[in-house]
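> need a structure here:
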Amino acid sequence: MTTHVRNAALLIAATALVTVGLAGCSTADTAGTAGTTDTTAPSASASSTAGAPTGKITVFAAASLQKTFTTLGEQYEAAHPVTTITFSFAGSSDLVTQIQNGAPADVFASADEANMDKLVKTDIAAGSPRDFATNVLEIAVAPGNPKGIKDLDDLTASDVQLVTCAIPVPCGAATAKVEQATGVDLQPVSEEQSVTDVLGKVESGQADAGLVYVTDVEGAGGKVDGVRFDAASKAVNTYPIGVLKDASNPDLAAAFTAYVRSDAGQRVLADAGFGAP
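Below you'll find the model as predicted:
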């Protein structure tokens, strides 16, 4: 081989080595980047937020939903970190009055269909609200049941201080239905504007017994005992939820209502003692 040929061959070989080396560096860099991406998996919140509505909403919800909806709100925000859900809990009838008077709300969850119907009939609710849970009454008594209350009739004893919800409140309307179905004439010493107020009076010892929901007794954490009675089935409350027509963020409002009705939402409600819609 001549010197010129040998030099040309060496030049070609060197060029090939450089090309291969550069390709190897490029491949290594790409592999390194890919490796970083693969080992740093996207967070569940980041992946679940993709394409989901963002922003803030205010949810008006029945007092009996306070514990479950607080949990649902926290779960939704954890999965969608660019959202904020604020709650206002009170008796359903009070919430309806507030909404009708212009209180800013995006979603309403009622403890009965009657109060939701007030917003539907006045064209304040958007579309058709959907049912998401049911609930029944239970007698809440002090721990250990010192008055020995066994059924509804025992609530009429002269030495029993009974507290119920006012009739416009869903738990009060349910109480009235139970009275009509059984013929028992209850004489409460106080009628409250929310079921949580009834529960609070039993917990604090201001009342011997109160008619609340099964879910309230279960959520009381041992501060009260519960006495179930057969006639409770005569007054099953169905809970509807819906987006309000003047919602500031209708897309997020619709997404949250869908979450409440999803399998995840239904598990939270079932764990709290709510029945299926």
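> every contact and neighbour count from this point should use C-alpha atoms.
OK.
> quick check: closest non-adjacent residue to Ser88.
Leaving aside its sequence neighbours, Ser88 sits nearest to Phe60 (Cα to Cα, 6 or more residues apart in numbering; 4.8 Å).
> what comes up buried for stretch 183-198?
Leu186, Gln187, Pro188, Glu191, Glu192, Gln193, Ser194, Val195, Thr196, Asp197, Val198 (16 or more other Cα atoms under 10 Å).
> could you do stretch 209-222 as well?
Buried residues in stretch 209-222 (16+ other Cα under 10 Å): Ala209, Gly210, Leu211, Val212, Tyr213, Val214, Thr215, Asp216, Val217, Glu218, Gly219.
> could you do stretch 142-149 as well?
Neighbour-count burial for stretch 142-149 [16+ other Cα under 10 Å]: Ala142, Asn145, Ile149.
> ok, stretch 101-116 next?
104-116.
> now, those residues that are in helices?
Glu113, Ala114, Asn115, Met116 (DSSP state H).
> would a markdown table of those residues with pLDDT and distance to Gly127 be doable?
Listed next are those as a markdown table, based on pLDDT from 0 to 100; distance: Cα to Cα, whole Å:
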| residue | pLDDT | distance to Gly127 |
| --- | --- | --- |
| Glu113 | 97 | 15 |
| Ala114 | 97 | 16 |
| Asn115 | 97 | 16 |
| Met116 | 98 | 12 |
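> hang on, isn't Thr84 packed against Gln75?
No: applying Cα atoms under 8 Å, one finds Thr84 not in contact with Gln75, separated by 11.2 Å.
> does Val59 sit in a helix, a strand or a coil?
What DSSP: H, G, I helix; E, B strand; the rest coil gives for Val59 is strand.
> wait, it touches Phe87, no?
Yes: Val59 lies in contact with Phe87 (Cα under 8 Å); the separation is 4.8 Å.
> looking at those two, which is more packed in?
Val59 (25 against 17; other Cα atoms under 10 Å).
> any idea what the more buried one is bridged to?
Phe87, Val107 (DSSP bridges).
> any low-confidence regions in this structure?
1-50 (pLDDT under 70).
> hey, where'd the strands end up in it?
Taking DSSP state E, the strands of the chain run over residues 55-62, 83-90, 107-109, 130-135, 137-141, 162-165, 190-192, 209-213, 225-227, 237-243.
> between these, which one is nearest to Val268?
Closest of the strands of the chain to Val268 is strand 130-135, at 10.9 Å (criterion: Cα to Cα).
> tell me which strands and helices the closest one is in contact with?
Applying 3 or more Cα pairs under 8 Å, 6 or more residues apart in numbering; DSSP states H and E, one finds that strand 130-135 contacts strand 237-243.
> relative to the strand it packs on, what are the paired strands and their orientations?
Here strand 237-243 is paired, per DSSP bridges, with strand 107-109 (antiparallel), strand 130-135 (antiparallel).
> of all the buried residues of stretch 183-198, which comes closest to Asp94?
Checking the buried residues of stretch 183-198 against Asp94 with Cα to Cα, the nearest one is Gln193 at 7.8 Å.
> OK, contacts around the spatially most central residue of the chain?
For the chain, the residue nearest the mean C-alpha position is Phe69 (2.8 Å; Cα atoms, centre = their mean). Contacts of Phe69 were listed using Cα atoms under 8 Å, 6 or more residues apart in numbering, and they are Ala61.
> look up how far Asp154 lies from it.
Distance, Phe69 to Asp154, by Cα to Cα, to the nearest Å: 33 Å.
> contacts only, for Asp263.
No contacts exist for Asp263 under Cα under 8 Å, 6+ apart.
> as a markdown table, the strands paired with strand 237-243 with distance to Cys165 would be great.
Shown next, in a markdown table, are these (distance: least, Cα to Cα, whole Å):
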| stretch | distance to Cys165 |
| --- | --- |
| strand 107-109 | 18 |
| strand 130-135 | 15 |
